[in-house]
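Asker: Quick one: sequence plus predicted model below, questions after.
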Amino acid sequence: MHNGAYMDFQDYYQTMGVKRDASQDEIKRAYRKLARKYHPDVSKEADAEQRFKAVGEAYEVLKDPEKRAAYDKFGENWKAGQDFNPPPDWDAGFEFSGGGYTAGDASSYSDFFESLFGQGGFNPSQGGHGGFHTRGEDHHAKVLIDLEDAYKGATRAITLQSAELDKTGHVVNRQRTLNVKIPKGVKQGQRIRLSGQGSAGMGNGPAGDLYLEIEFNSHSMYKVEGHDVYLDLPLAPWEAALGASVKVPTPDGPVDLKIAAGTQNGRKLRLKGRGIPAKTPGDLYVVPIITLPPADSDKAKALYKQMQQELAYNPREKMGV
Amino acid sequence: MTNKILSGVLLDEQIELSLNDLCKACSSSAEWIIELVDYGALEPHGTEQLNWRFSASSLQRARTAMRLQRDLEINLAGVALALDLLDEIKFLRSRLR
């Protein structure tokens, strides 16, 4: 599949943070530590999933003395990211008796890996033997939506890749696009079940289901917690001190909000029912953030000076100083 | 490509899943789910296994449990502990705002 194509060389030792002469035990320890660190269910780092996959791929090769020896044949001359094309007989003399790979997500390995070790790991023995009926597997995928979509509902085109066996028993990547309705009122992490959109069944078995997990794109203004939405609202000192009516953006469109006189920084205001719609809709919390007008002109400086002279205000009174 | 728009079922608080639904969605055995319940990692409604009803969030927990067990070689007691700690971290993060 990748014949003649160049791809990035992967330095598995660098990925694992071990020396090229590391023992199998050291490699195992490094893998376990990194797997815990970057596990997507545990780590909050943005690239955790990619790092986790990269570490899994590196370990798949380095844990197996046969694959490791074959990989080591490339020596130290290759650098990660370099263009790479394996010589035609690079694996002469190696036999990968272990075959394939064991990790659950083998389809995500790099082109580099596949060019060296092939697309193993699939188990064609599950293939359709006559008279054998089983239900197809359920599939899971994530769908990214905007917060506004949760308020109004939306339709999303979702492209899914799945590895399947063709008639000759080769693994092919099949791509399909589904248009899916995202109902109003979805929450982060909720799932939509699409019956019959998973793997085809064997024989007369029914197809599996497709589960779509909802994930919100991060928003520059709003933070979402369940059905509740939070918005930091900048206020001028006089708006907070004297009270005001200000325009406030909401995912549903702007609203006018009354700011009471004497509003304190950070004391949140609840707009009931203006969170994500649901049977019990969420609330929108507006968090006042009082901002400081710059003293960058003579007039502004004079006004600050006047306040300093005429207001007996000690912000540190409670500290006893 | 077809332009048909598919509507699914939103698994919200109103939806409950049976033991069988959960097994299918996780591609797991019933025994494995029952073990998760035994360790307190999942808490279904109903007393008899046949009548167990799981909340939609159980699906997420079970799938996380499966990945933790597979990827990090954690036993079920450890998985149950990790799930509880992850919930607590999530709660504390939400308090940080």
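Answerer: Nice, thanks for sending it over.
Asker: any low-confidence regions in the chain?
Answerer: This is for chain A. Applying pLDDT under 70 to chain A flags the ranges A:1-7, A:74-108, A:118-133, A:164-165.
Asker: Oops, wrong one, chain B.
Answerer: B:1-3, B:97.
Asker: Close to chain A: what parts of it are there?
Answerer: Taking C-beta under 8 Å from any C-beta of the partner chain, the part of chain B that reaches chain A is made up of B:1-12, B:14, B:24-25, B:27, B:56-57, B:59-60, B:63-64, B:67-68, B:70-73, B:82, B:86, B:94, B:97. Placement of C-beta: from N, CA and C, glycine included.
Asker: In helices only, show me those.
Answerer: Of the positions in the residues of chain B next to chain A, B:24-25, B:56-57, B:59-60, B:63-64, B:67-68, B:70-72, B:82, B:86, B:94 sit in helices, assigned by DSSP state H.
Asker: Which one of the residues in chain B is closest to chain A?
Answerer: residue B:8 (3.9 Å; C-beta to the nearest C-beta).
Asker: dump the residue contacts of that residue.
Answerer: A:180, A:181, A:192, A:193, A:194, A:195, A:210, A:212 (C-beta atoms under 8 Å, 6 or more residues apart in numbering or on different chains).
Asker: Of the residues you listed - the most surrounded one?
Answerer: Counting neighbours by other C-beta atoms under 10 Å in any protein chain shown, residue A:212 leads those with 27 neighbours.
Asker: Could you check stretch A:208-218 and say which residues are buried?
Answerer: A:208, A:209, A:210, A:211, A:212, A:213, A:214, A:216 (16 or more other C-beta atoms under 10 Å in any protein chain shown).
Asker: Test my guess that the second one contacts residue A:199.
Answerer: When you say that, I think you mean residue A:209. No - using C-beta atoms under 8 Å, residue A:209 makes no contact with residue A:199, being 9.6 Å away.
Asker: shared neighbours of these two, anything?
Answerer: A:138, A:139.
Asker: count of residues packed around the residue nearest to residue B:33 when sequence neighbours are not counted?
Answerer: Spatially, and ignoring its direct neighbours in sequence, residue B:33 is nearest to residue B:22 (5.5 Å; C-beta to C-beta, 6 or more residues apart in numbering or on different chains). The number of residues packed near residue B:22 is 23, by other C-beta under 10 Å.
Asker: what sits against residue B:22?
Answerer: Applying C-beta under 8 Å, 6+ apart, the residues near residue B:22 are B:28, B:33, B:54, B:58, B:59, B:62.
Asker: got the contact list for the closest residue to the fourth one other than its chain neighbours?
Answerer: Put plainly, it is residue B:58. Using C-beta to C-beta, 6+ apart and skipping the chain neighbours, the partner closest in space to residue B:58 is residue B:42 (5.1 Å). Counting by C-beta under 8 Å, 6+ apart, residue B:42 touches B:33, B:36, B:54, B:58, B:61, B:62.
Asker: May I have stretch A:32-42 exported as CSV, CA atoms only?
Answerer: Output of stretch A:32-42 as CSV, limited to C-alpha atoms (Å, rounded to 0.1, in the frame of the first residue of the first chain):
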residue,chain,number,x,y,z
ARG,A,32,4.3,1.5,31.8
LYS,A,33,5.3,4.9,33.2
LEU,A,34,4.5,6.7,29.9
ALA,A,35,1.3,4.8,29.4
ARG,A,36,0.0,6.0,32.8
LYS,A,37,1.2,9.5,32.1
TYR,A,38,-0.4,9.9,28.7
HIS,A,39,-3.4,7.6,29.0
PRO,A,40,-6.3,9.7,27.4
ASP,A,41,-8.7,8.8,30.2
VAL,A,42,-6.2,10.1,32.8
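Asker: Quick check: buried residues in that stretch?
Answerer: Buried residues in stretch A:32-42 (16+ other C-beta under 10 Å): A:34, A:35, A:36, A:38, A:39, A:40, A:41, A:42.
Asker: Which pair of those spans the longest distance?
Answerer: Spatial extent of the buried residues of stretch A:32-42 (C-beta to C-beta) is set by the pair A:34 and A:41 at 14.7 Å.
Asker: So which residues of chain A form strands?
Answerer: Listed in chain order, the strands of chain A (DSSP state E) span A:7-8, A:83-84, A:139-145, A:154-165, A:171-182, A:191-194, A:210-216, A:222-225, A:228-235, A:244-248, A:255-259, A:269-271, A:284-290.
Asker: can I get those in CSV with distance to chain B?
Answerer: Converted to CSV, the strands of chain A look like this (distance: least, C-beta to the nearest C-beta, whole Å):
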stretch, distance to chain B
strand A:7-8, 24
strand A:83-84, 28
strand A:139-145, 7
strand A:154-165, 6
strand A:171-182, 5
strand A:191-194, 4
strand A:210-216, 6
strand A:222-225, 5
strand A:228-235, 6
strand A:244-248, 18
strand A:255-259, 19
strand A:269-271, 14
strand A:284-290, 8
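Asker: Kindly compare burial across the ones you listed and name the winner.
Answerer: Most buried of these, by mean neighbour count (mean count of other C-beta atoms under 10 Å in any protein chain shown): strand A:191-194, with a mean of 22.
Asker: Paired strands for that strand, with orientation please.
Answerer: If you go by DSSP bridges, strand A:191-194 pairs up with strand A:210-216 (antiparallel), strand B:9-11 (antiparallel).
Asker: Could I have the CA atoms of the first one written out in CSV?
Answerer: Spelled out, it's strand A:210-216. In CSV, the C-alpha atoms belonging to strand A:210-216 read as follows (Å, rounded to 0.1, in the frame of the first residue of the first chain):
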residue,chain,number,x,y,z
LEU,A,210,-22.8,3.4,16.4
TYR,A,211,-22.3,5.4,19.5
LEU,A,212,-21.3,9.1,19.0
GLU,A,213,-19.8,10.8,22.0
ILE,A,214,-20.5,14.6,22.1
GLU,A,215,-17.6,16.8,22.7
PHE,A,216,-17.7,20.6,22.7
